[in-house]
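S.K.: just a sequence and a predicted model for now, questions to come.
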Amino acid sequence: MPDFFADEIKKAIRDAIFHYLKEHGPEDPLVHELTGHAWHDSISLEIPPDTKLGDYAFPCFSLSKKLKKSPLQIAQELFNAIKKHGIITEVKVTGPYLNFFIDKSKLAELTLEEIHKQKDRYGMGSSKKERVMAEYFQANTHKAMHIGHIRNISLGESLARILAFSGFDVLRANYQGDIGPHVAKCLWGYLNLNGEGRLAKTEHKGVELGRIYTEANSQITGNEGLEAEIREMTKKLYDGDKSIIELWMKTREMCIKEFDSFYKEFNVQFDQLFFESEVEEKGRQMVKELEKMGISKEDQGAMIVDLNEYGLGIYLVLRSDGVALYSTKDLALAKLKFEKFKVDRSLYVVGREQELYFQQLFKTLELMGFDQAKKCFHLSYGLVMLPEGKMSSREGNVILYQDLRDRLYELARQEVMKRHEDWPEKKVQEVALKLTISALKFSMVLREPGKDIVFEWERSLDFEGETAAYVQYSYARICSIFKKHGKKAPSGAELSLLTDEHETALVKLLADFPKVIADSSSQYKPHLMARYAIDLAKRFNEFYQSCRILQEEDKLRDARLYLAEAAQHVLKTTMALLNVDALEEM
RNA sequence: GCGUCUGUAGCUCAGCUUGGAUAGAGCAACAGCCUUCUACUCUUAGGAGAAGAGAGCUGUGGGUCGAGGGUUCAAAUCCCUUCAGACGCGCCA
């Protein structure tokens, strides 16, 4: 709810305490506290667990200690001293709590008029004058995309959108490995597992290459002869050996093309694509610099940064044979981000297993004197598993994206077809695809990032429950009201009519939206936004269920239309921030 | 061995940063309701009636918040111990 209400209540409480003190004890440190600058913070309000108890609550426990009286007594005495005024319509004492009821029509007016004024900009933060780069996805070419990548891109994109909405200047970055042992394995597979024939048969050549990689990898792993062969091929790749470079270029192109269509399907556009090869050389130079600065040193032939005094162990920055490591390249990339792209804040959406690694990276950057190092953040996320028990780990039984997507899509298509027999096939496919991709994104963002999740894919498309479809359906319902009504909500509606508990509950939730933006942005937690979207959809449906709109008499109808339109705006914004499609019919 | 994270209803998960009133959702189960969703009939229109489904809503049942201790007026939340699991701890990314 808007701070305005809390402020008014706090003032009333302060006056009551003053009044109380005047009568009961002339000198008290409390007077000092309440006249100081921080008096505002010394009175803390809470939201009661049930709206029937009140809209705001003031617990009297802390005063109890200072005044040496029971909180129940204090609540009663404050109640006698408090003056109802302005937006406070009622005050009640419930045990040790002083509960306040606020003027609901005032709340509706303030909130809804703000939303109608701002429309899709409602909740948007003012410019932070700060540039943040979010690096995510980081899928390698020549490898299959699996369900973990989906969690990554869904989180990353949603985070980027939330940050941009809350006022940051956001750059989206993707950092991909297009060369290395994994490429060699894929190419070996291409040559030995009938790659040419298989690619000829499919549109999705990148996907097929990924499958070839997976098969090749399982054959090669543990086979010493083949592993030696791969090492040899990897070296040839790095050396630009003509015998293999042409195939590499050709297949690399296929993979990148496949990624492009995937980005399109997922509605993601990167501002900056980085490749490992770009930063390898710079990384090696940076390690030399580190040594000069006395930050790194040689150990067993390799270069390390000893971070033991920070409890971060040893950070290895260069291999003993002088070959660049992931860390070598990341150091250079970070510098590039800070200096060339003028980034003030840098986010990395990467799996949880690299937590220590990123702490080491950030600490090293800090030691090098980069101020931005303090504003680096590793958004780490857990594994995605299916109810069947398979995991998305690198070695384990991988769930390929394409397989899952196709399964989900088929399910969605059947459902849409069943409901709209009159729709042309093309429209069915279009809507089904949107539902599929939205369901995937939403399920991946709904959970707290750090935790492993079990992706209940069969449920993700349900139109009930905590799903994208439920949110989308609620939105479509609102759209359908206005379609039926034939025009938008009129301005100047009598919002004081909105006093039903369901109306108020919806208004309150709408009023909370700016805070949700602020929280999910400052804490890097997109799941707060997803949960809010569910809550809002639910709250709207409750309102819709118990309050008629179009059939009411004009004034009430207009007020409710006004409310519905506000819900529509906010719901649309939440979907945009989650990168979920807002469909007008489904 | 050390470090980080996780453990909440049968299942999937919020809540924990910043301690407060009977610990919340969703799914599944059961019992209902149903308007603006779907479809049928009637109506000049607005709309009305009966019905079904469901992608709506309500209610019911279901919990030692892993266990034990501590701090506090108050602990799912903070601290300690312990059990279980995941991940990490130098030449992978």
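M.R.: Sure thing, it's come through.
S.K.: for A:A324, what are its contacts?
M.R.: The contact partners of A:A324, taken as Cβ atoms under 8 Å, 6 or more residues apart in numbering, are A:280, A:283-284, A:318. All C-beta atoms are positioned from the backbone trio N, CA, C, and that covers glycine.
S.K.: farthest-separated two in those?
M.R.: Across the contacts of A:A324, no pair lies farther apart than A:E280 and A:L318, at 11.1 Å, counting by Cβ to Cβ.
S.K.: list the residues that contact both of those two?
M.R.: A:324, A:328.
S.K.: neighbour count: those two, which is higher?
M.R.: A direct count of neighbours by other Cβ atoms under 10 Å for A:E280 and A:L318 places A:L318 higher, at 25 against 17.
S.K.: who's the closest spatial neighbour of that one, skipping the chain neighbours?
M.R.: Using Cβ to Cβ, 6 or more residues apart in numbering and skipping residues adjacent in sequence, the residue nearest A:L318 is A:M303, 3.8 Å away.
S.K.: and A:Y326, by the same measure?
M.R.: Closest to A:Y326 by Cβ to Cβ, 6+ apart is A:Y357, at 7.9 Å.
S.K.: and whatever helix or strand the one you found lives in, how far out from the chain's middle?
M.R.: In the assignment (DSSP states H and E), A:Y357 maps to helix A:355-367. Distance of helix A:355-367 from the chain centroid (Cα atoms, centre = their mean, to the nearest Å) equals 23 Å.
S.K.: how about the strands in chain A?
M.R.: In chain A, the segments counted as strands under DSSP state E are A:56-59, A:88-94, A:97-102, A:131-135, A:169-176, A:272-275, A:296-299, A:302-306, A:314-318, A:345-351, A:376-381, A:384-385, A:453-454.
S.K.: want to throw those into JSON lines with mean pLDDT and distance to RNA strand B?
M.R.: Putting these into JSON lines (pLDDT from 0 to 100; distance: least, Cβ to the nearest atom of the strand, whole Å) gives the following:
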{"stretch": "strand A:56-59", "mean pLDDT": "93", "distance to RNA strand B": "3"}
{"stretch": "strand A:88-94", "mean pLDDT": "93", "distance to RNA strand B": "4"}
{"stretch": "strand A:97-102", "mean pLDDT": "93", "distance to RNA strand B": "3"}
{"stretch": "strand A:131-135", "mean pLDDT": "97", "distance to RNA strand B": "13"}
{"stretch": "strand A:169-176", "mean pLDDT": "96", "distance to RNA strand B": "9"}
{"stretch": "strand A:272-275", "mean pLDDT": "93", "distance to RNA strand B": "11"}
{"stretch": "strand A:296-299", "mean pLDDT": "95", "distance to RNA strand B": "4"}
{"stretch": "strand A:302-306", "mean pLDDT": "96", "distance to RNA strand B": "3"}
{"stretch": "strand A:314-318", "mean pLDDT": "96", "distance to RNA strand B": "5"}
{"stretch": "strand A:345-351", "mean pLDDT": "96", "distance to RNA strand B": "8"}
{"stretch": "strand A:376-381", "mean pLDDT": "96", "distance to RNA strand B": "9"}
{"stretch": "strand A:384-385", "mean pLDDT": "90", "distance to RNA strand B": "7"}
{"stretch": "strand A:453-454", "mean pLDDT": "91", "distance to RNA strand B": "4"}
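S.K.: out of the ones you listed, the one nearest A:T504 is which?
M.R.: Closest among those, using Cβ to Cβ: strand A:97-102, at 9.7 Å.
S.K.: got the buried residues for the closest one?
M.R.: Buried positions in strand A:97-102, judged by neighbour count with 16 or more other Cβ atoms under 10 Å: A:97-102.
S.K.: spatially speaking, which residue is in the middle of chain A?
M.R.: A:P526 (2.3 Å; Cα atoms, centre = their mean).
S.K.: surely that residue and A:V445 touch.
M.R.: Yes: assessed by Cβ atoms under 8 Å, A:P526 is found in contact with A:V445 at 4.9 Å.
S.K.: neighbours around A:Y310, how many?
M.R.: Counted with other Cβ under 10 Å, residues neighbouring A:Y310 total 12.
S.K.: the closest residue to it other than its chain neighbours: what's it in contact with?
M.R.: Closest residue in space to A:Y310, ignoring its immediate chain neighbours: A:K363 at 5.7 Å, by Cβ to Cβ, 6+ apart. Residues near A:K363 by Cβ under 8 Å, 6+ apart: A:307, A:310, A:312, A:315, A:373.
S.K.: same question, A:Y562
M.R.: Per Cβ under 8 Å, 6+ apart, neighbours of A:Y562: A:112, A:116, A:489-490, A:493, A:495.
S.K.: for those, give me CSV that also has neighbour count and distance to RNA strand B.
M.R.: As requested, the contacts of A:Y562 are exported to CSV (neighbours: other Cβ atoms under 10 Å; distance: Cβ to the nearest atom of the strand, whole Å):
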residue, neighbour count, distance to RNA strand B
A:L112, 24, 17
A:H116, 17, 19
A:A489, 21, 13
A:P490, 13, 16
A:A493, 25, 15
A:L495, 24, 17
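S.K.: farthest-apart pair in those, please.
M.R.: The largest separation in the contacts of A:Y562, counting by Cβ to Cβ, is between A:L112 and A:P490 at 12.5 Å.
S.K.: any idea how far the residue nearest to A:F543 when sequence neighbours are not counted lies from A:Y475?
M.R.: Closest residue to A:F543 apart from its sequence neighbours, by Cβ to Cβ, 6+ apart: A:H502 at 4.3 Å. A:H502 is 18 Å from A:Y475, where distance means Cβ to Cβ, to the nearest Å.
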